[in-house]
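**Q** Based on what follows, work out the 3D shape:
(4 chains)
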2 protein chains.
Amino acid sequence: MEGDARVEQTEGARRNPLSPGRILHTAVALADEGGIDSVSMRKLAQELGVVPMALYKHIANKDELLDGMIDVVVSEIDPPGAGLDWKTAVRQRILSARRALLCHTWASRVIESRTTPTPAVLAYMDSMIGMLLSGGLSVDLTHHVMHALGSRILGFSQELFTPSASVDPREAATAVRAMSGTYPHLAKVAARVDHDEGAVVGPGCDDQFEFEFALDLLLDGIEALRVRRWSSHSSQQAAP
Amino acid sequence: MEGDARVEQTEGARRNPLSPGRILHTAVALADEGGIDSVSMRKLAQELGVVPMALYKHIANKDELLDGMIDVVVSEIDPPGAGLDWKTAVRQRILSARRALLCHTWASRVIESRTTPTPAVLAYMDSMIGMLLSGGLSVDLTHHVMHALGSRILGFSQELFTPSASVDPREAATAVRAMSGTYPHLAKVAARVDHDEGAVVGPGCDDQFEFEFALDLLLDGIEALRVRRWSSHSSQQAAP
DNA sequence: AACGTTACGTGTACGCTGTACACCTGTCAA
DNA sequence: TTGACAGGTGTACAGCGTACACGTAACGTT
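**A** Modelled structure (predicted):
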């Protein structure tokens, strides 16, 4: 009897062996239906018909699990559309990202709680930067724009180019060069930042400036709407 | 010996009796120096020289503790300046809020993780709305502006006017009327929302519209900078 | 075919969390 | 004096992430 049960279980395991992909997929489903709080290693394992510690043979720890879940969501964002002016293209992409995040309501919170961005998030950012650059924005403007859009495109806020880990500029330069293969656009902007402000205020970028840049962009736009007596009823879109 | 110790402890307690204020203050200090993760009921109690359960005589649970900590931070935001045009006043206030949040790096994350805003946050929002209204913005524009600024002024995002709890519009109307004493400006905007869109799409406001409103405000501003060949080096400020 | 290695699921255990509940004790009003 | 009450204590429980030791089944090599 016990032997039968064990064989069955084994066959079940054979039929459906654990894998990072299956774990991540199940975790996302679990979070979708029960909220992120219902994703514990124990519940996840139970959902997979397995003992909690079994998960650790496939993922290092819970943080890695969360990172993986983020990547699942980010991978649902549509690729950039072709043949569009930069503004339309960026707009579409951001709305697609929003759609993905709205499908998984837990995702924004998890992304924001993470300290370092995952590869998929970096790839998304890199692609976004590429769209801006090829749209005619300068590297400088692109840099500030990424900060300004930060809160809009994904949860990630500032401190993207200020990992605060590598204080040595030499080290940072090496990191940028290493990045330039995988994330060429990102590297270009990062390099520019190190270049410019490294001489002025030190490594990283001026968060206060970035914040005020975005704030003034909004405030100036708002003032223009006020002067124009804008109303949401008589508008084809927020702006002309 | 044991008697002495007990007397000493009692005297200590008498000298420094527990109170919500002292608990909150200590919790904020603890979070400031060790991060929000180092604020557990046990560590907090230890810091106060008291047994964990003693805290529950003064605060209902940990959520209430976190709400209280938020209010401590929000209360550090400067009051609005007088005699300024709306844009300058709003700008100053938001920068002051940012300063407060930067002093307590854990605060943004905690605010964002909270589901319902605390009274202090509501008061801050109410005052902000008041500044916009008295600056000449229509109630309609003010409403959308609050959403657009959302991610900038504090952590709170959308779903402010969509508590999703009270589906009954009658109930919502009552809530608004109750609110109008404490948060008059907030109530004015909320009433307008219920009024307008209640007839069109149901209760609450159109999150998608709000999102695109803010997005387009930014994108249009960015396009203008691009055309003008804006650069962070040759700028007195982000916008003219 | 026998063997050692490797991959992977299991079971137990530890320290941490929030907090329910019963208990004691010092203070004050009647 | 007494009885209520406010407030600190102690114990206990369920849940969390995960370290560590232990099987056991599958596989490449001899």
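**Q** all strands of chain A, in order?
**A** All residues of chain A lie outside strands when identified by DSSP state E.
**Q** residues in contact with residue A:189?
**A** By C-beta atoms under 8 Å, 6 or more residues apart in numbering or on different chains, the residues touching residue A:189 are A:129, A:139, A:142, A:143, A:146, A:161. C-beta here means a position set from N, CA and C on the backbone, and glycine is covered the same way.
**Q** tell me the least confident of these?
**A** Within the set of the contacts of residue A:189, pLDDT is lowest for residue A:161 (43).
**Q** Run through chain A and note the low-pLDDT ranges.
**A** For chain A, the stretches with pLDDT under 70 are A:1-15, A:153-169, A:172, A:193-204, A:234-240.
**Q** Now which of the contacts of residue A:189 would you call buried?
**A** A:129, A:139, A:142, A:143, A:146, A:161 (16 or more other C-beta atoms under 10 Å in any protein chain shown).
**Q** which ones are touching the second one?
**A** In other words, residue A:139. Here residue A:139 is in contact with A:133, A:188, A:189, A:192 (C-beta under 8 Å, 6+ apart).
**Q** Most neighbours among those residues, please name it.
**A** Highest neighbour count within those, by other C-beta atoms under 10 Å in any protein chain shown: residue A:189, with 26 neighbours.
**Q** circling back to that earlier point, okay, the contacts of residue A:189 in a markdown table with distance to residue A:61 next?
**A** Shown next, in a markdown table, are the contacts of residue A:189 (distance: C-beta to C-beta, whole Å):
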| residue | distance to residue A:61 |
| --- | --- |
| A:129 | 31 |
| A:139 | 37 |
| A:142 | 35 |
| A:143 | 33 |
| A:146 | 30 |
| A:161 | 27 |
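**Q** Which one of these is nearest to DNA strand D?
**A** The nearest member of those to DNA strand D, counting by C-beta to the nearest atom of the strand, is residue A:161 at 27.8 Å.
**Q** filter the buried ones among the contacts of residue A:189 by proximity to DNA strand C?
**A** The subset of the buried ones among the contacts of residue A:189 within reach of DNA strand C, by C-beta under 7 Å from any atom of the strand, is empty.
**Q** Filter these down to just the ones in helices.
**A** A:129, A:139, A:142, A:143, A:146 (DSSP state H).
**Q** Look up the closest residue to the third one, ignoring the ones flanking it.
**A** With C-beta to C-beta, 6 or more residues apart in numbering or on different chains as the criterion, residue A:142 has its nearest non-adjacent residue at 4.5 Å, and that residue is residue A:132.
**Q** these two touch, right, the one you found and residue A:86?
**A** Yes - between residue A:132 and residue A:86 there is a contact at 6.5 Å, judged by C-beta atoms under 8 Å.
**Q** Looking at these two, which one has more neighbours?
**A** Using other C-beta under 10 Å, the more surrounded residue of residue A:132 and residue A:86 is residue A:132, with 25 against 18.
**Q** got the CA positions of the longest helix seen in chain A in CSV?
**A** For chain A, the helix reaching the highest residue count under DSSP H is reported as helix A:207-227. Provided in CSV are the C-alpha atoms of helix A:207-227 (Å, rounded to 0.1, in the frame of the first residue of the first chain):
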residue,chain,number,x,y,z
ASP,A,207,18.4,62.7,-8.1
GLN,A,208,17.1,66.1,-7.0
PHE,A,209,17.6,67.4,-10.6
GLU,A,210,15.8,64.4,-12.0
PHE,A,211,12.9,64.9,-9.6
GLU,A,212,12.5,68.6,-10.4
PHE,A,213,12.8,67.9,-14.1
ALA,A,214,9.8,65.6,-14.0
LEU,A,215,7.9,67.8,-11.7
ASP,A,216,8.4,70.9,-13.8
LEU,A,217,7.5,69.0,-16.9
LEU,A,218,4.2,68.2,-15.3
LEU,A,219,3.6,71.6,-13.7
ASP,A,220,4.3,73.5,-16.9
GLY,A,221,2.0,71.3,-18.8
ILE,A,222,-0.7,71.8,-16.2
GLU,A,223,-0.3,75.5,-16.3
ALA,A,224,-0.7,75.5,-20.0
LEU,A,225,-4.0,73.5,-19.6
ARG,A,226,-5.2,75.9,-17.0
VAL,A,227,-4.6,78.9,-19.2
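**Q** what inclination does it have with respect to helix B:207-227?
**A** 110 degrees (axes from the mean of the first three to the mean of the last three C-alpha atoms, to 10 degrees).
**Q** Which part of chain A gets nearest to chain B, residue-wise?
**A** The nearest approach of chain A to chain B comes at residue A:151, 3.7 Å away (C-beta to the nearest C-beta).
**Q** Quick one: neighbours of that residue, just the number.
**A** 20.
**Q** Residue B:152 versus that one, what's the distance?
**A** 7 Å (C-beta to C-beta, to the nearest Å).
**Q** Just give me the neighbour total for residue A:103.
**A** Number of residues near residue A:103 (other C-beta under 10 Å) recorded here: 12.
**Q** ignore the last one, residue A:190
**A** Counted with other C-beta under 10 Å, the neighbours of residue A:190 add up to 23.
**Q** That one and residue A:119, how far apart?
**A** 16 Å.
**Q** The closest residue to residue A:124 other than its chain neighbours and residue A:65, how far apart?
**A** Of all residues not flanking residue A:124 in the chain, residue A:74 sits nearest, at 5.7 Å (C-beta to C-beta, 6+ apart). Counting by C-beta to C-beta, the gap from residue A:74 to residue A:65 is 15 Å.
**Q** What of residue A:128?
**A** Distance, residue A:128 to residue A:65, by C-beta to C-beta: 26 Å.
**Q** Show me which of these two is the more surrounded one.
**A** In this view residue A:128 and residue A:65 are compared by other C-beta under 10 Å, and residue A:128 has more residues nearby, 24 against 20.
**Q** correct me, but the more buried one touches residue A:89?
**A** No - counting by C-beta under 8 Å, residue A:128 does not reach residue A:89; the two are 9.7 Å apart.
**Q** what do the two both touch?
**A** If you check residue A:128 and residue A:89 against C-beta under 8 Å, 6+ apart, no residue is contacted by both.
**Q** Surely residue A:220 touches residue B:221?
**A** Yes - with contacts counted by C-beta under 8 Å, residue A:220 reaches residue B:221, the gap being 6.5 Å.
**Q** who's more crowded, the two?
**A** residue B:221 (24 against 18).
**Q** how about the nearest residue to residue A:222 once chain neighbours are set aside, what does it touch?
**A** Distances taken as C-beta to C-beta, 6+ apart put residue B:145 closest to residue A:222, at 5.4 Å, once the chain neighbours are dropped. When contacts are counted by C-beta under 8 Å, 6+ apart, residue B:145 touches A:222, B:132, B:137.
**Q** do you know how far the nearest residue to the last one once chain neighbours are set aside is from residue B:217?
**A** The reference is to residue B:137. Spatial nearest neighbour of residue B:137, excluding adjacent residues (C-beta to C-beta, 6+ apart): residue A:226 at 5.3 Å. Per C-beta to C-beta, residue A:226 is found 12 Å from residue B:217.
**Q** joint contacts of these two?
**A** Applying C-beta under 8 Å, 6+ apart, one finds that no residue jointly contacts residue A:226 and residue B:217.
**Q** quick one, which of the two is more surrounded?
**A** Taking other C-beta under 10 Å, residue A:226 and residue B:217 do not tie; residue B:217 has more neighbours (24 against 19).
**Q** I figured residue A:81 hits residue A:92, correct?
**A** Yes - assessed by C-beta under 8 Å, residue A:81 is found in contact with residue A:92 at 5.4 Å.
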